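Trainee: show me how the following folds:
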Amino acid sequence: MMERRGGQKGFTLVELMIVVAIIGILAAIAIPQFAAYRERGYIASMQSDVNAVRIAEEAYFVQNNAYIATTAPQTDLSAFGGVTVSAGNSITVAIVGKTGYTVTVTSDKTAKTVVYDSATGQTTTS
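Mentor: Numbers count the residues shown, from 1 in each chain. Below you'll find the model as predicted:
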């Protein structure tokens, strides 16, 4: 803050413009980072849901010697691991051949999809 003629006090226009420019630069850096953190959080919840369904499917297989195709694992597999689906996530279990299955999780919060394939044992995010 500079002292001007006649004892007036205040910030000059240049000082205010510099502060606004600095705030703009910080916002340009922080906002994309925040979006990336949110995206990673959504993907982590989707991966957690995939693992819960995978464990329940394997428990179902041990008892029934078959896998179950479902779009509602929280009810259809409730006796085999208490599957809870994270808010905004949708899960589909599809049977592949006679001895395999895939678990696909989509979310209304991100365009990403997480898929587990029992044949390869791999979980992929696309």
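
Trainee: point to the residue nearest the middle of this protein.
Mentor: Y42 (1.2 Å; Cα atoms, centre = their mean).

Trainee: tell me which element it is part of?
Mentor: Using DSSP states H and E, Y42 falls within helix 13-64.

Trainee: pull the distance from that helix to the chain's centre.
Mentor: The chain centroid and the centroid of helix 13-64 are separated by 6 Å under Cα atoms, centre = their mean, to the nearest Å.

Trainee: which elements pack onto that helix?
Mentor: Under the contact definition 3 or more Cβ pairs under 8 Å, 6 or more residues apart in numbering; DSSP states H and E, helix 13-64 sits against strand 89-96, strand 100-107, strand 110-117, strand 122-125. C-beta here means a position set from N, CA and C on the backbone, and glycine is covered the same way.

Trainee: and the ones you listed, which is most packed in?
Mentor: strand 100-107 (a mean of 20; mean count of other Cβ atoms under 10 Å).

Trainee: mean confidence for it?
Mentor: Averaged over strand 100-107, pLDDT sits at 95.

Trainee: same question, stretch 65-81
Mentor: In the prediction, stretch 65-81 has an average pLDDT of 90.

Trainee: now do the end-to-end distance for that stretch.
Mentor: Counting by Cα to Cα, to the nearest Å, you get 17 Å between the two ends of stretch 65-81.
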